[in-house]
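**Q** quick check, what structure comes out for this input:
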Amino acid sequence: MIASKQPEVVEKKIKSIATIRLQRIIGLVFAIFLLMVVIFLSLMIGAKPLSFGEVWEALFSSTNSYNYAIIHESRIPRTIIALAVGPAFGLAGAVIQALTRNPLADPGILGVNAGAAFAVALAVGVFSISSISNFVWFALAGALVTSVAIYFIGGGAGKKSPTPEQITLAGVAMAAALNGITTALSLINSRAFAGMLSWRVGSIARKGLEDLWPIIPFLVVGIVLALAIAPALNTIAFGDDRATSLGVNVNMIRIVGLLSITLLAGGATAIAGPIVFLGLMVPHCVRWFIGPDQPWIFIYSLIVAPLILLLSDIIGRTVISPAEVPVGIITGFVGAPILLILMRRRKASGL
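**A** Numbering: from 1, shown residues only. Coordinates of the predicted model:
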């Protein structure tokens, strides 16, 4: 009897896996559709609302009209920038949570964004560097040094790996210190930072595509590295010893993951500033729907993160129109309550 039931059990498991995969594919297609809708809303909504027809005409007409200028010189660049930095922040948060096995980790809470922002502030305030193509190197270096420092301050220098709680506490302390120094630099040399006030709180406005192109290679490499280690991170979730016994080089995966986080968070911060909570919200929103499967979490994060970022940017454009609220402030308002909910319901989205 037992032997006869085994094929039925196997068949049920196969059908269950196929059903889950189909649901995830359908969900991904739906998320992509929502992203397309939000992209078009981003082109329509602003200080001067445009209708669907006006946007369509401005997109494909060669007439140098006022609507054409709004679309091509302002809304298209900020939308494309959101499509670049959104996935970077979201995926960086997913990688950090998987590496540390800490559901409350993200580039902002762990101080990675603060390290990149501090390095950029150093470049602007001390070395008078104003070009994004130049201070992106400072942002990447700041993100890398901060990530390594947090790991060792949290206890990584000992025989045992630091716990998620130790890394989180070290990150929060490091972020607070670096944010304080960054603020001091901006006060000492206020003239140099006069044009970077919105950047300091996170903004995708008033930037052109020429600012984005130097960042793209770093973001692409960071995404490729993250997707490459995603299957191994599923194994590491069961513990380092189990992963090692299954042939996973845990140290190599962590080094690649750290490099990916540096490229993603550092590159995105260089152009958009330290946008907070995006890397925390997105992996959790995704995990609630598809479960703790890292490859799928990473793929969904690439779609859901720009979706949330663009929605936040649209809210920022309209909440006190005709003035704007930087998108980093909106994500902060949205992310803070989510963080409190996660602290009370950690098992709901456990890794």
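
**Q** what's the separation between A305 and M281?
**A** To M281, A305 is 9 Å away according to C-beta to C-beta, to the nearest Å. C-beta: built from backbone N, CA, C; applies to glycine.

**Q** who has more neighbours, these two?
**A** A direct count of neighbours by other C-beta atoms under 10 Å for A305 and M281 places A305 higher, at 30 against 24.

**Q** pretty sure that one is touching G90, no?
**A** Yes - counting by C-beta atoms under 8 Å, A305 touches G90, with 2.6 Å between them.

**Q** overlap of the contact sets of those two?
**A** Taking C-beta atoms under 8 Å, 6 or more residues apart in numbering as the contact rule, A305 and G90 both touch L278, V282.

**Q** just to confirm, which helix or strand has the residue most central in space within the chain in it?
**A** By C-alpha atoms, centre = their mean, the chain has its centre lying nearest to F89, at 1.2 Å. F89 belongs to helix 76-100 when assigned by DSSP states H and E.

**Q** next SSE after that helix?
**A** helix 112-125.

**Q** ok now that next one, how far from the chain's centre?
**A** 17 Å (C-alpha atoms, centre = their mean, to the nearest Å).

**Q** ok so, going back, against F33, how distant is the residue nearest to the centre of the chain?
**A** Taken as C-beta to C-beta, the span from F89 to F33 is 22 Å.

**Q** helices or strands up against the helix holding F89?
**A** helix 2-44, helix 164-188, helix 209-212, helix 216-236, helix 250-272, helix 278-290, helix 294-318 (3 or more C-beta pairs under 8 Å, 6 or more residues apart in numbering; DSSP states H and E).

**Q** kindly recompute the last result at 7 Å.
**A** Helix 76-100 makes packing contacts with helix 2-44, helix 209-212, helix 216-236, helix 250-272, helix 278-290, helix 294-318 when contacts are defined by 3 or more C-beta pairs under 7 Å, 6 or more residues apart in numbering; DSSP states H and E.

**Q** hey, C-alpha coordinates of the third one in CSV?
**A** Pointing back at helix 216-236 there. The C-alpha coordinates for helix 216-236 follow below in CSV (Å, rounded to 0.1, in the frame of the first residue of the first chain):
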residue,chain,number,x,y,z
ILE,A,216,24.2,52.3,-16.1
PRO,A,217,27.2,49.9,-16.5
PHE,A,218,27.6,49.6,-12.7
LEU,A,219,23.9,48.9,-12.2
VAL,A,220,23.9,46.3,-15.0
VAL,A,221,26.9,44.4,-13.5
GLY,A,222,25.3,44.6,-10.0
ILE,A,223,22.1,43.1,-11.3
VAL,A,224,23.9,40.3,-13.2
LEU,A,225,25.9,39.4,-10.1
ALA,A,226,22.9,39.4,-7.9
LEU,A,227,20.9,37.1,-10.3
ALA,A,228,23.9,34.8,-10.6
ILE,A,229,24.1,34.1,-6.9
ALA,A,230,20.3,33.9,-6.3
PRO,A,231,20.1,30.1,-6.4
ALA,A,232,23.0,29.7,-4.0
LEU,A,233,21.3,32.1,-1.6
ASN,A,234,18.4,29.7,-1.3
THR,A,235,20.8,27.1,0.0
ILE,A,236,22.6,29.5,2.3
